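S.K.: need a 3D model of the sequence below.
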Amino acid sequence: MTAVVDYGAGNLTSVKYAFAALGEAVEVTSSPAVVARAERVVFPGVGAAKSAMENLKSLGLVDAVREAAATRPFLGICLGMQILFERSDEDGGVDTLGVIPGRVRRFPDVEGFKVPHMGWNSVTGNGERESREYYFVHSYCADICEFTTGVTEYAGVKFTSEVRKGRLVACQFHPEKSGRAGLGLLKEFLECSRSA
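M.R.: Below is the predicted model of the structure:
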């Protein structure tokens, strides 16, 4: 069973439909017990880091999400990737889940570049696959770290657009809004998790 974590910050309908297009039924849940017994976990998110962390704490999901990220196939999307890092500068600064080392920072104000970064952009891999185009919507971006497998550039900043750590994969872009390439990533996640 694939659990999609509902902590009041997710683009849940689009994620659910994207998996349905691949023939995968998912269970949208805010229950730590359901997350704990799921075979694989999807952790989407839109919005702000501070309120997302407050929601995770109030729902009792922090430990369940950390445990899932460390032990099972796990996919973080957008804000769901950012709060896997140690800290975000958003809302004056907030400690996040600390699953991945590094910090999330706001894009600088640069003439000719709008914030949020919104639209299609390239993700350059680490040599394992060619560059691909995905759809982004975000004002904050994560540092490049030892687990970075995809890098994107915007407003003169190179940032982490994909990370992999064990059975965890997370992306800054929205695969559920990225057409064929996005569905390909979701399919890869499902296939890898079934063969693991």
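
S.K.: going by C-alpha atoms from here, please, whenever you check contacts or count neighbours.
M.R.: Will do.

S.K.: ok, now which ones touch residue 3?
M.R.: With contacts defined as CA atoms under 8 Å, 6 or more residues apart in numbering, residue 3 is in contact with 26, 27, 28, 29, 34, 35, 38, 39, 40, 41, 42.

S.K.: for this structure, what spans make up the strands?
M.R.: For the chain, strands defined by DSSP state E occupy the ranges 2-5, 26-29, 40-43, 74-77, 87-88, 94-95, 103-106, 117-125, 132-138, 140-142, 148-154, 157-165, 168-171.

S.K.: and the lengthiest helix in the chain, what does it pack against?
M.R.: In the chain, with assignment by DSSP state H, the single longest helix is helix 179-195. Packing partners of helix 179-195 (3 or more CA pairs under 8 Å, 6 or more residues apart in numbering; DSSP states H and E): strand 132-138.

S.K.: which outside residues touch the strand it packs on?
M.R.: 78, 115-124, 172-175, 177-178, 181-182.

S.K.: just checking, residue 14 touches residue 175?
M.R.: No: counting by CA atoms under 8 Å, residue 14 does not reach residue 175; the two are 9.7 Å apart.

S.K.: more neighbours, the two?
M.R.: The residue with more neighbours, out of residue 14 and residue 175 and counting by other CA atoms under 10 Å, is residue 175; that gives 23 against 14.
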